[in-house]
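1. dropping a prediction and its sequence here:
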Amino acid sequence: MTTTNALSAKRCIPCEGGTKPLAAPAALALQKQLDPRWRLADEGRKLEADFEFKNYFRTLAFVNAAAYIAISEDHHPEITFGYKTAKFEFSTHAIGGLSENDFICAAKLDALLN
């Protein structure tokens, strides 16, 4: 994994409709700054990752920390979780694809585990 300091230090900027989603080369360049667990999905319109934990307590603690980040950044992922796993999907709904905000939030989740 490469350092996420640059992305995780940024703040999300509100994204309005009419803004174009990131082109594939830009999305791939930002993806390289994240933990390898992050992958592009839905033909490059989503960024998703699966996380595994030791038990339910650690899973829920991570999900709650991620929720705090989402509220602080005003950028909210789809989250599904169970006893030892959590899945996060980021996409900027206003533009129908990925924005830098998705990668910023993913980097902030990576930073929680470092």
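-> Thanks, I have the structure now. From a predicted model like this one, the values you see are computed outputs, not experimental measurements.

2. elements contacting the helix or strand of the chain with the lowest mean pLDDT?
-> One helix or strand of the chain scores below all others by mean pLDDT, DSSP states H and E: helix 5-8, with a mean of 84. On a contact count with 3 or more C-beta pairs under 8 Å, 6 or more residues apart in numbering; DSSP states H and E, helix 5-8 meets helix 100-112. From N, CA and C alone the C-beta is placed, and that goes for glycine too.

3. list the buried residues for the helix it packs on?
-> 100, 101, 102, 103, 104, 105, 106, 107, 108, 109, 110 (16 or more other C-beta atoms under 10 Å).

4. so what's the closest residue to the second one other than its chain neighbours up against?
-> It stands for residue 101. Residue nearest to residue 101 in three dimensions, not counting chain neighbours: residue 12, with 4.2 Å by C-beta to C-beta, 6 or more residues apart in numbering. Listed by C-beta atoms under 8 Å, 6 or more residues apart in numbering, the contact set of residue 12 reads 73, 74, 75, 101, 104, 105.

5. as JSON lines, those with distance to residue 29 and pLDDT would be great.
-> Formatted as JSON lines, these follow (distance: C-beta to C-beta, whole Å; pLDDT from 0 to 100):
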{"residue": "73", "distance to residue 29": "21", "pLDDT": "95"}
{"residue": "74", "distance to residue 29": "24", "pLDDT": "92"}
{"residue": "75", "distance to residue 29": "20", "pLDDT": "94"}
{"residue": "101", "distance to residue 29": "15", "pLDDT": "96"}
{"residue": "104", "distance to residue 29": "14", "pLDDT": "97"}
{"residue": "105", "distance to residue 29": "17", "pLDDT": "97"}
